[in-house]
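K.L.:
Quick one: sequence and predicted model below, then my questions.
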Amino acid sequence: MESLPVFVSVPPEIWFKILGFVLWDDIIFDPDPVSSSPQPHLALRSWHNTERTLEISKRRFVLRSVSRTWRDIVDTLPSYHFQSTETNDATTDEFSLQRAHRLQLGTSTNRSNRGNRHCCKGYNYWNLSDSAESGTSSILADHMSSIDTLRAEILIIPRSEWNALMKKPLDDVRQLLSKVRALLIEYSGFIPTDIPMVCPNITFLAIHAITDLRGYSGIIPSAFSSLSTLQLFINTEECLNWVGKWGLPSLRYLELATTLDAFQECLPYFLNNVGQELISLQISDASNPIHFLGDIWDILPRVRYLGLTMSILPPPPPPNHPLQVFSNREHGHYRSWRDHLKIMAEKWVGVQCISDAHTWDCMAKEFLDLQHDLTSPDIHSLNKFCICSRCVYSLYIACEKRGVRYEDEYGRTWAEYNFGEWGASTQCVVLDACRST
């Protein structure tokens, strides 16, 4: 209590900076999350995680309740994240709507990376239901008369909201969205052709496209001069071929998910158009093992991060190829697939890291037993929907022998996970000791 006067005497402008830092998240508020991340293969999983946005909301509530001074400071700070809900769509706080850095419209669904494995194996960011399509809300369109330009650099918007906006004069919409750099259109069911006209400076675009493209034949393909990250869930061959015609000179990070049976046939054409400059390619196919036709390393000469669901692995890349990280996006258990990854760990000399789809939290005890020879490493799980700890352990050993980093889906090695658990338990012991004194 002796330090309380010092606490009280801190100038408000200092608290302004401190509380602003507490209410900021470098990942979810980044409009270009992949290119600025030290782990590009994991960046979008964290960016889509609603648990992080909920944590910011909780912090804001707690800080406002500390004192009147803090409440006033927090209310003065920019509203970094604003999310409309079913209960406030009709009476949206216009002030918060205009100031938000990350603006999320429509009913929220769980995109947490520990949520249901939906849509496609390994593509676990979106709960792509039709719930948002049933609404008639048009929040932005309704407020355009009083809001000239949004502060938001990140816009997450359902199809119904986007359609309502596109009925307004394009010049007005372009002015409203002039600062948007990251755009996610949820439940879209189609690929809008008007995005470049109203958001010409976006660097990150995410779309779920499930319908065909009848009527698109006379439309000039879109051109995105500054788009560096593209994330697509595609269910029709026409959609993939259409995107393959886009002008994407700055595209460096591409993530595709599909349940399309003909995906293998149309993938080479698509990659031939966009693959030469890609740094990261992540593909999830729920229908078939991925099989690259042709010399994939010629098509992807600059790829450093490659992620796949179960695949027929191509030959190892040539010695001078820059591939460094391979991500396993297969959340089901297929023993033969991890056997192929063991071969990769042993023979793909350029690969420095294998990022797997398991979490250490779910198999820590079994893994410890395997490490200490308390259980047989030869008894494997027969459930294809459950990741086998023995297969993980076998791949872990193969990586250890060659010095390859082996991560879980959160980007943690076994040693880092153990250290984190030990650090947390030690911290609790220290806090208990402090309380007892």
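P.N.:
Structure received.
K.L.:
For Leu306, see how far away the closest residue to Gln352 other than its chain neighbours is.
P.N.:
Distance criterion Cβ to Cβ, 6 or more residues apart in numbering; nearest residue to Gln352, sequence neighbours excluded, is Gln324 at 4.9 Å. In short, each C-beta sits where N, CA and C put it, glycine included. Distance, Gln324 to Leu306, by Cβ to Cβ, to the nearest Å: 9 Å.
K.L.:
Same check on His101?
P.N.:
32 Å.
K.L.:
These two - which one has more neighbours?
P.N.:
Leu306 (22 against 19; other Cβ atoms under 10 Å).
K.L.:
what about the more buried one, is that helix, strand or coil?
P.N.:
strand (DSSP: H, G, I helix; E, B strand; the rest coil).
K.L.:
Tell me what it is bridged to.
P.N.:
Per DSSP bridges, residues listed as beta-bridge partners of Leu306: Leu281, Phe326.
K.L.:
wait, isn't it in contact with Pro322?
P.N.:
No. Contact criterion Cβ atoms under 8 Å: Leu306 and Pro322 do not qualify, at 10.6 Å.
K.L.:
hang on, isn't Lys168 packed against Ala141?
P.N.:
Yes. At 5.9 Å, Lys168 counts as touching Ala141 under the criterion of Cβ under 8 Å.
K.L.:
Looking at the two, which has the bigger crowd around it?
P.N.:
For Lys168 versus Ala141, neighbours defined as other Cβ under 10 Å are more numerous around Ala141 (19 against 16).
K.L.:
that older thread, what about the residue nearest to Gln352, how many residues close to it?
P.N.:
The burial count for Gln324: 15, using other Cβ under 10 Å.
K.L.:
Quick check, it in contact with Cys353.
P.N.:
Yes. Between Gln324 and Cys353 there is a contact under Cβ under 8 Å: 6.5 Å.
K.L.:
OK, contacts around Cys362?
P.N.:
Ile387 (Cβ atoms under 8 Å, 6 or more residues apart in numbering).
K.L.:
From Glu330, how far off is it?
P.N.:
Distance from Cys362 to Glu330, by Cβ to Cβ: 16 Å.
K.L.:
Kindly report the same for Ile157.
P.N.:
31 Å.
K.L.:
Could you do Ala262 as well?
P.N.:
From Ala262 to Glu330 the distance is 21 Å (Cβ to Cβ).
K.L.:
Neighbour count for these two, which is higher?
P.N.:
Glu330 (24 against 13).
K.L.:
tell me the secondary structure for Val66?
P.N.:
Per three-state DSSP, Val66 ends up coil.
K.L.:
Please, where are all the strands along the protein?
P.N.:
Secondary structure of the chain (DSSP state E): strands at 81-83, 102-104, 154-158, 182-186, 204-209, 229-234, 253-258, 280-285, 290-291, 305-308, 311-312, 325-328, 353-355, 405-407.
K.L.:
Can I get those in a markdown table including distance to Lys17 and mean pLDDT?
P.N.:
As requested, the strands of the chain are arranged in a markdown table below (distance: least, Cβ to Cβ, whole Å; pLDDT from 0 to 100):
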| stretch | distance to Lys17 | mean pLDDT |
| --- | --- | --- |
| strand 81-83 | 19 | 66 |
| strand 102-104 | 20 | 85 |
| strand 154-158 | 22 | 88 |
| strand 182-186 | 25 | 87 |
| strand 204-209 | 28 | 83 |
| strand 229-234 | 30 | 87 |
| strand 253-258 | 32 | 89 |
| strand 280-285 | 34 | 89 |
| strand 290-291 | 48 | 80 |
| strand 305-308 | 35 | 92 |
| strand 311-312 | 48 | 82 |
| strand 325-328 | 36 | 92 |
| strand 353-355 | 36 | 93 |
| strand 405-407 | 34 | 94 |
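K.L.:
Any chance of a markdown table for these, columns distance to Pro33?
P.N.:
Below are the strands of the chain laid out as a markdown table (distance: least, Cβ to Cβ, whole Å):
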| stretch | distance to Pro33 |
| --- | --- |
| strand 81-83 | 14 |
| strand 102-104 | 11 |
| strand 154-158 | 9 |
| strand 182-186 | 8 |
| strand 204-209 | 7 |
| strand 229-234 | 8 |
| strand 253-258 | 9 |
| strand 280-285 | 12 |
| strand 290-291 | 24 |
| strand 305-308 | 14 |
| strand 311-312 | 25 |
| strand 325-328 | 16 |
| strand 353-355 | 16 |
| strand 405-407 | 18 |
